[in-house]
Structure formats: structure tokens, C-alpha cells
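Asks: Sequence first, predicted coordinates after that:
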Amino acid sequence: MKRREFITFLGGATVWPLTARAQQPSMPVIGYLGAGSPEASTNLVASFRKGLSEVGYVEGRNVAIEFRWAHNENERLPDLAADLVRRGVQVIVTQVTTLAASVAKAATTSIPVVFGIGADPVRAGLVASLSRPGGNVTGVTTMSIELMPKRLGLLQELLPNATRFAVLVNPTNPFGAEPATADARTTAAAIGRQVEVFGASSNGEIDIVFAALAQNRAEAIAFTPDALFDDRRVQLATLAARHQLPALHWKREFTEVGGLMSYGSNVADVFRQTGNYAGRVLNGEKPADLPVLRATKFEFVVNLQTAKVLGIEIPPSLLARADEAIE
């Protein structure tokens, strides 16, 4: 073989594998939109990945995930959602807040959106109905916002002689703050207790609220589900203990870091289901045909060590119903 022919042969042999690789289909991409921070969402992301793997998708092997985090700056959510749309992701997944899901829905009518939220998605205008979502949006709801009456009822059992309860909301998240406020006031009227609603959207405002709680002589506090508060679990548990204020949270992670009690759905399991749905959408199923799932696992957790610090004796009736008592 002549030298020129040999070089031509090598060139063809070199180009062929590159061309073949270029013709292979690209890996599907999931856009993951979180209102909070990645540091506070480690367990939820892990559960989401587990759900994906259950339907055959493993990150880095046959699917990629593009994460966008607002770090509790809700005004950034529209730009982050628009960025995922420009990126051309195959599905957008939103974490925890109804606001993130609403922003994603507003950003696209063609890309499927799978949410994991705490509110009623019909009430929030995300879907037409739970059984027939319609459009390009579906997902899983923890029903955490709807459980405010239950949480106030638990506080009443804990402190039967208390008359003044407080509820903390994030006013920059109307999908959580407004329904929780309405439910809290309705419940207060039904159980004959005074409930005052406080708003906080930053560390400084949280400190101000706890100072106000002391002045107003609140006897207990319930927190509404929100990514902002989730990122500040330790701060909230510490402030409640410092002010000798019994607190009821919406998920077990708060009691694990010193919160007194929590009642709510198993959020990690909800995000496993969210991962399942995202994978099913990648497999060709349409959001309109996937009914919105409701959480089925609920947990009531009590931290006995915090109760001892606060000088509170947990009634036997409450302890008997607790799924876990942290010593």
C-alpha cells in the first residue's frame, strides 16, 4: 500500500467511530427546580433518584439531571424555570413549594412538569382534577398545608389549658401562607383558641417574630410547610427551645434536630414517587393521563429529650399514637 493511500485509510478509520457516536441518541435531561438549597434537600434528591432507578433511569448512565436552586429567593424562580425551558429538558421536576410548580407551569405548555408539593394542586390551579390533571402538569402532593387543623389539634392535646397559639408562615409564598392562615383561623374558632399568624421570609425576620411571640405570650407555635423554614430547621428548633415555646413541625427532620413534635407525610417517600412519575414521563406517558398521587404515609414523631428541656410531660394518649419517640 502506498503512503498516500495508507494515510487516506487511517483518516477514514479515524472518522468512522466519531461519526457513529454522533449519530447515537443523546441522553434525556431532567430539569430539577428547587425553591430551597441543595444542602437542605439531600434526602429528597436521594429519594428522587431512587424513584427514577425503580423505573430504569440512573443519573449519569441513561439520564442527566440539571439542578436549579433558588436558595429561598422566590423571585428567582421564573428565571430559573425559563433557563430550563431554554435548555430543552425533557421534563421539569419541582421540589416542595407550590410556587415553584406554578412558575414551571407558567414557563411552558409543552414540556411535562412533575411536582412534589404540600398544597392541594386543584385549589392552587395546577391541575383540573386529581384523577384527570389535563395539560402538561401532574405529580404528588404531601397534603402538608391541609394538615394545619390536625397540627393545632395536637397542640391542644399537648397543652389543654393553653389559649394562645401562633402560626408562622412565609408571606412570599402565597400558595402556602394564604391557605394555612385560613385553615388556622377556622380551626381556632372551632376549638376555642386564639391563633395569631406571623410572617417571616428571612433569618432576621424569624428572630423578630420570636421576640414578638415572647411579648404576646404565645403558648405554642406551629410552622407551615415552606422551603425557607426547611433550610432553617436548626435555627427554628433552637429558637423555640430558647424561648421555651412548644413547637409542632410538618416533618420528622425537624424533630431529629431538636424540634418538639412533627406531624406530616413521609416527604422522602413522596419524592420517590415523584421520581417514578418523572421516569414514566420519559418512557412516553403523558402527564394528563397520570393522576395526581396523594401521600399515603404519615408520621407523628415526638422528641422526648426536647420535652424534658421544656419541662413538658407528653400525655400518654399522644405517646401511644406516636410513630416514633426520640430519646
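Replies: Received the coordinates, thanks. Just so we're clear, the structure is a prediction, and the values are computed from it rather than from any experiment.
Asks: which residues in the stretch 51-200 of the chain form helices?
Replies: 77-87, 98-107, 148-158, 174-191 (DSSP state H, counting those that start in this stretch).
Asks: Next, format the ones you listed as CSV and append mean pLDDT and mean neighbour count.
Replies: C-beta: built from backbone N, CA, C; applies to glycine. Below are the helices of the stretch 51-200 of the chain laid out as CSV (pLDDT from 0 to 100; neighbours: other C-beta atoms under 10 Å):
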stretch, mean pLDDT, mean neighbour count
helix 77-87, 97, 17
helix 98-107, 95, 25
helix 148-158, 90, 20
helix 174-191, 84, 18
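Asks: Dump the ones you listed to a markdown table, plus distance to residue 48.
Replies: Converted to a markdown table, the helices of the stretch 51-200 of the chain look like this (distance: least, C-beta to C-beta, whole Å):
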| stretch | distance to residue 48 |
| --- | --- |
| helix 77-87 | 16 |
| helix 98-107 | 14 |
| helix 148-158 | 26 |
| helix 174-191 | 21 |
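Asks: Centre-most residue in the chain?
Replies: residue 96 (2.0 Å; C-alpha atoms, centre = their mean).
Asks: Figure out how far stretch 181-192 is from the centre of its chain.
Replies: Relative to the centre of its chain, stretch 181-192 is centred 24 Å away, using C-alpha atoms, centre = their mean, to the nearest Å.
Asks: CA-only coordinates of it, as PDB, when you get a sec.
Replies: As requested, the backbone C-alpha atoms of stretch 181-192 are provided in PDB (Å, rounded to 0.1, in the frame of the first residue of the first chain):
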ATOM      1  CA  THR A 181     -53.700  31.100  57.500                       C
ATOM      2  CA  ALA A 182     -57.300  30.500  56.500                       C
ATOM      3  CA  ASP A 183     -57.300  26.900  57.900                       C
ATOM      4  CA  ALA A 184     -55.600  28.100  61.100                       C
ATOM      5  CA  ARG A 185     -58.200  30.700  61.800                       C
ATOM      6  CA  THR A 186     -61.100  28.400  61.000                       C
ATOM      7  CA  THR A 187     -59.600  25.700  63.300                       C
ATOM      8  CA  ALA A 188     -59.000  28.300  66.100                       C
ATOM      9  CA  ALA A 189     -62.600  29.200  66.000                       C
ATOM     10  CA  ALA A 190     -63.700  25.600  66.200                       C
ATOM     11  CA  ILE A 191     -61.500  24.700  69.200                       C
ATOM     12  CA  GLY A 192     -62.000  27.900  71.000                       C
END
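Asks: Can you give the contact residues for the host helix or strand of residue 309?
Replies: Assigned by DSSP states H and E, residue 309 belongs to helix 304-310. Here helix 304-310 makes contact (C-beta atoms under 8 Å, 6 or more residues apart in numbering) with 237, 241, 244, 246, 255, 258-260, 313-314, 325-327.
Asks: if you set the cut-off to 6 Å instead, what comes out?
Replies: 241, 244, 258, 260, 314, 325, 327 (C-beta atoms under 6 Å, 6 or more residues apart in numbering).
Asks: Nearest spatial neighbour of the fourth one, chain-adjacent residues omitted?
Replies: By that I understand residue 260. Nearest non-adjacent residue to residue 260, counting by C-beta to C-beta, 6 or more residues apart in numbering: residue 306, 4.8 Å away.
Asks: How much space separates the one you found from residue 159?
Replies: 15 Å (C-beta to C-beta, to the nearest Å).
Asks: who has more neighbours, these two?
Replies: Higher neighbour count among residue 306 and residue 159: residue 306, with 21 against 17, using other C-beta atoms under 10 Å.
Asks: pLDDT score assigned to that one?
Replies: On the pLDDT scale, residue 306 is placed at 96.
Asks: Equivalent analysis for the one 10 residues further on, please.
Replies: In the predicted model, residue 316 carries a pLDDT score of 94.
Asks: what about it, neighbour count?
Replies: If you count neighbours by other C-beta under 10 Å, residue 316 ends up with 8.
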